[in-house]
Structure formats: C-alpha cells, structure tokens
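Enquirer: mind folding the following:
(one chain, ligands or ions: 1)
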Amino acid sequence: MTYLTGFGNQFATEAVPGALPVGRNSPQQVAHGLYAELLSGNAFTAPRADNRRTWLYRRLPSVMVGGYAALDLPLWKTGAAGGVEVPPDPLRWHPSAAPAGELDFIDGLRTMVVNGDAEAQSGVAAHVVFANRSMDRRAFVNADGELLVLPQSGRFTFTTEMGVLEAGPGQVVLLPRGVVFKVAVDGPSTAYVCENYGAAFRLPELGPIGSNGLANPRDFESPVAAFETVDGPYQLVRKVGGLFWQATQPHTPFNVVAWHGNLAPCRYDTRHFMTIGSISFDHPDPSIFTVLTSPSDTPGTANCDFVIFPPRWMVAEDTFRPPWYHRNVMSEFMGLVHGQYDAKPEGFRPGGASLHNCMVPHGPDTEAFAKASSTALAPHKLDNTLAFMFESRWRFRPTAWAMRPGALDAQYADCWAGLRDTFTP
Ligand code: FE2
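Expert: Next comes the predicted model:
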C-alpha cells in the first residue's frame, strides 16, 4: 500500500491515468466520463492557511442517495447534553470487557465522555470502540465532526472516498468531517476515538522550538486514489446533530477514481514523534507533547489538544521527574494504548481511561511519589509505553454508559491515601 506524505499538502492522485483534469477543476466534460464534486472542509472564505478542500472525480456524484430512515445507536452520545452530572471526583476506568455479539466499528462504539455542542461546532467526545466485524457493504459519514482514531488492539483498514489506510496500535488515523468511510478489522479489535466538533485538528505552532520537532509534517500519510468495482447496494449511515440516519444506495460510495486537494484522511505513526523534554531541570508543561491541536476562538486555549506520552529519556537533575501535582482550568481525558504511565504505574491499565476535569486535583500516586522523590537520578528511559490525552477547555461529562455499575475503578482516589504530612518546621 502506498501513501502520499505531508500534513495538509496539496495532493494529486489518480487510479486511472488521465482521470485528473489538468489546469482546471471542473472541465465541461471530465475524462473517462467521471463527475466532478467539491468537498469543502470549511467555509469557502476561511483564511488560506486554514482552508481545506478536495476535488473528487467519481463514477457517480454523492447526490445519488435519499430516503433516510432513523437509526438508533443509543450508546453513541453527542455534546454535553449526552452526559450526566457527577461529583467533582477524579475518575478512572479499568478496561471494559468487549460487549457480546457481532459489532462493527459503528455498532461497537461506546461514548465515555462528552462536552460542547456539535451544532455550535465546539467541543469533543471521547469514545471507545469494540469491533469484531468488518463493515463490508456499510459506510459511514459524520457531519458532526472529524474522527481521530487510536487503535489499541488489532489491525484496522479504513476504506475512504480518497483511498485506503491501514493502522494498528501506535498509529493514529484522522478522518475529516464529511468524508465517507468504512472500517475492516482482522478480528476482535479496540480503539479510542476523539470526535471533534470544533476547528479541524492541525499541527501546533512550534514557537522557539523552531522549524522541526514534535510531529513533523512529512510523517503524516494520506492514501492514493482507489475505488471499488463490485456492484450492488450499500447502506450509508449518516450522523448529523447527534442523530443517526440510514439509507440504501444502489452503488458503492467508494467510487472516486481521482482527486486533488488538501482535505484528506491521514495516518501518523507516533513512533515518529520527536519528543522534547528537559535536559537541565524541572518537568516541562505537558503541552510539549502536543501532536495535533483544535483551536478555539481564544488564542492558546484549545477546543482540544491531542497529546501523547511516548517512550522518552528522563535526564533532568535535582528534579521530581513525573508530572507534578496540579489543578488546571483545562479538562483532561486520558487513555493508555500500551505499557505503563509513569505517574500511575499501577491501576491505569492499557485500554482503560481517566478523567480529571476542570480544577480537579491530581498527580502521581503515593508509590510513584515515594519512588521519584528518593531514586538516584541517573538517565532513565521510559520505554514500551504510549499514553495519550484529549485536553479540552470544555468540562467533560461522562455518559451513563461510562458510569454504569461496576465500570469505574472505585478505589481510584485511594492511590493518594498514603501521602503523609512530612513537614518539619
Ligand atoms: Fe493533568
């Protein structure tokens, strides 16, 4: 499988030679009898640096579907209204057992936390997906937001209008708002998903870091044009305003023979993340680990930052090396793809999750504090680990599913119970 490289690049790709018009977008007659169709990721008049759009050259245009009927997906929640009120406790979840039955990527999605309002184009949701079945002749399109998928186990193949991407644990896939896709799995597979109703994820500014570092643009990979040739009906599931609709169309939606533009799905391997940390003293703010950011209308205050805690060396001198105890106006949903997280070596398990909302105090557990306060500060590598955070300016509300009996780690707050007052005046 081949990919086009570069985040937000102006790509041009054709599965049949000559399918792409040259020097224009919408000729009177498109080569090979194709239809031209524009997919806009933002208002036409968005600033050039933010503007994302792609021209699709396809066998039939997307208008060839109608007659939508309501589809009930009661465990996929949207916006703050989809959550429940809970006390301001720190929350942690052990990994959930996979639900029974045959579930594809859409049926198997369970929302854990939500904020914002999809109709107001602000906020995010964090989901977990348990899939054991491929979508075959079923496709999905989300008008409410883009999807950032983090495989946690298994292999995922994403067939999209722009082509095919594969990803497994350690990689992430970004599916833009409005792009039709389906997902195949090779067996029971799990993933974390961030659904972003706000401004599209982009690379963060680097400031004094300079022109290189963190996630480098060239390491993002988009698919080359590819189309299905098998005839027959397709079920199309559409999400809009938190509701789901389904319709059958007589042909595949994956019929794009060529495309050009800078709105495209992409994947990224977190092993390519150039991690920056202290080479003198003190733990930097975790914003140094930002892979992608969705800005809000307040500069520096993200609708959502996607942050990873990958393998890295700890070398700081005279420093408490794990994250410090803190409270923050931003709200933090975390997950663990594999390995151990240094502030919570026990209890925070791969496939699990935690939530520290606005101003909820948190930090290293008793054991991690004791060890990090007394250990000899030799260079030390945190290896074989990948934790991540969806950090948002909007407070998260867990869903009723996330708060179902037995789901929470009821002992979570006990991890700090052993901290003692060691003040000696
Ligand atoms: Fe935190």
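Enquirer: just for the stretch 101-250 of the chain, where's the confidence low?
Expert: Within the stretch 101-250 of the chain, the set of residues satisfying pLDDT under 70 is empty.
Enquirer: quick one, strands of it?
Expert: Using DSSP state E, counting those that start in this stretch, the strands of the stretch 101-250 of the chain run over 109-114, 124-131, 138-142, 146-153, 156-160, 163-167, 171-175, 181-185, 189-196, 220-223, 234-240, 243-249.
Enquirer: can you add distance to D282 and mean neighbour count and give these back as TSV?
Expert: Glycine gets a C-beta too; all of them are placed from N, C-alpha and C. Shown next, in TSV, are the strands of the stretch 101-250 of the chain (distance: least, CB to CB, whole Å; neighbours: other CB atoms under 10 Å):
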stretch	distance to D282	mean neighbour count
strand 109-114	30	24
strand 124-131	30	26
strand 138-142	41	21
strand 146-153	29	24
strand 156-160	38	22
strand 163-167	35	21
strand 171-175	29	24
strand 181-185	42	24
strand 189-196	29	26
strand 220-223	31	24
strand 234-240	44	19
strand 243-249	48	16
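Enquirer: burial count for the spatially closest residue to T301 that is not a sequence neighbour?
Expert: Excluding the flanking residues, the one nearest T301 by CB to CB, 6 or more residues apart in numbering is R393, at 4.9 Å. When neighbours are defined as other CB atoms under 10 Å, R393 has 22 of them.
Enquirer: go on, H94?
Expert: There are 17 residues near H94, going by other CB under 10 Å.
Enquirer: what sits against it?
Expert: Applying CB atoms under 8 Å, 6 or more residues apart in numbering to H94 gives the contacts R349, G352, D409.
Enquirer: out of the residues you listed, list just those in helices.
Expert: Nothing among the contacts of H94 maps onto helices, per DSSP state H.
Enquirer: looking at these, spot the one nearest L243.
Expert: Nearest to L243 out of these is G352 (CB to CB; 29.9 Å).
Enquirer: how far away is the one residue sitting closest to the centre of the chain from L175?
Expert: Computing the C-alpha centroid of the chain and ranking residues by CA atoms, centre = their mean puts L148 first, at 2.3 Å. Between L148 and L175 the computed distance is 8 Å (CB to CB, to the nearest Å).
Enquirer: repeat for G33
Expert: Applying CB to CB, the value for G33 to L175 is 29 Å.
Enquirer: same check on W245?
Expert: Distance of W245 to L175, computed by CB to CB: 18 Å.
Enquirer: same deal with E391?
Expert: In terms of CB to CB, E391 sits 21 Å off from L175.
Enquirer: dump the strands of the stretch 101-250 of the chain to CSV, plus distance to L336.
Expert: Below are the strands of the stretch 101-250 of the chain laid out as CSV (distance: least, CB to CB, whole Å):
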stretch, distance to L336
strand 109-114, 14
strand 124-131, 12
strand 138-142, 26
strand 146-153, 8
strand 156-160, 18
strand 163-167, 18
strand 171-175, 14
strand 181-185, 21
strand 189-196, 9
strand 220-223, 23
strand 234-240, 27
strand 243-249, 29
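Enquirer: out of the ones you listed, nearest to L73?
Expert: Checking these against L73 by CB to CB gives strand 243-249 as the closest, at 4.9 Å.
Enquirer: show me what that closest one is in contact with.
Expert: Residues from elsewhere that reach strand 243-249, judged by CB under 8 Å, 6+ apart: 64-73, 76, 233-239.
Enquirer: recalculate using a threshold of 7 Å.
Expert: 64-71, 73, 233-238 (CB atoms under 7 Å, 6 or more residues apart in numbering).
Enquirer: tell me what angle the helix or strand following it forms with strand 163-167.
Expert: The helix or strand immediately downstream of strand 243-249 is strand 256-261, counting by DSSP states H and E. Angle between the axes of strand 256-261 and strand 163-167 is 80 degrees (criterion: axes from the mean of the first three to the mean of the last three CA atoms, to 10 degrees).
Enquirer: got the angle between strand 256-261 and strand 156-160?
Expert: 90 degrees.
Enquirer: give the other helices and strands that strand 256-261 contacts.
Expert: Under the contact criterion of 3 or more CB pairs under 7 Å, 6 or more residues apart in numbering; DSSP states H and E, strand 256-261 touches strand 11-14, strand 53-58.
Enquirer: partner strands of the last one and their direction?
Expert: Sheet pairing of strand 53-58 (DSSP bridges) gives strand 35-40 (antiparallel), strand 256-261 (antiparallel).
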